[in-house]
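Enquirer: this one's sequence-less:
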């Protein structure tokens, strides 16, 4: 889990995370995002953007359960692991 592309002037960053296949479905990603957001509340970052794919329902749920708001879905489709998907964008604000 990390926050990347931090822009101090806009107090904004982008979240990225990945959970190993053996550990999916155990609530680890949700707890980790929750902990990260708790820490971010004490930092100078007030907005975190995220994106996932249309087929990654688990990641969508993790973001939504942690207060990320849906922003939009891209118009462009791309092939990932043999599936046609789009990006879904989210934003969390303090």
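Expert: Arrived safely, thanks for sending. Treat the numbers as computed from the prediction; the structure is a model and nothing was measured.
Enquirer: Spit out the contact partners of the residue found closest to residue 17 once you drop the neighbours it is linked to in the chain.
Expert: Once flanking residues are discounted, residue 17 sits nearest to residue 1: 4.1 Å by Cβ to Cβ, 6 or more residues apart in numbering. C-beta coordinates here come from the backbone N, C-alpha and C atoms, glycine included. By Cβ atoms under 8 Å, 6 or more residues apart in numbering, the contact set of residue 1 is 15, 16, 17, 32, 33, 36.
Enquirer: cool, residue 64 as well?
Expert: Contacts for residue 64 were tallied using Cβ under 8 Å, 6+ apart; they are 70, 90.
Enquirer: Please report the distance of it from residue 84.
Expert: 23 Å (Cβ to Cβ, to the nearest Å).
Enquirer: Repeat that for residue 76.
Expert: For residue 76 relative to residue 84 (Cβ to Cβ), the value is 10 Å.
Enquirer: Looking at the two, which one has more neighbours?
Expert: Set residue 76 next to residue 84 and count neighbours by other Cβ atoms under 10 Å: residue 84 wins out with 10 against 7.
Enquirer: what secondary structure does the more buried one sit in?
Expert: Following DSSP: H, G, I helix; E, B strand; the rest coil, residue 84 is assigned to strand.
Enquirer: Any idea what it is bridged to?
Expert: Beta-bridge pairing for residue 84 (DSSP bridges): residue 79.
Enquirer: before we move on, what about the one 5 residues further on?
Expert: In this structure, residue 89 bridges to residue 51, residue 72 when assessed by DSSP bridges.
Enquirer: Confirm for me that it is in contact with residue 72.
Expert: Yes: using Cβ atoms under 8 Å, residue 89 is in contact with residue 72, at 5.2 Å.
Enquirer: out of these two, which sits in the busier spot?
Expert: It is residue 89, of residue 89 and residue 72, that has more neighbours when counted by other Cβ under 10 Å, with 15 against 12.
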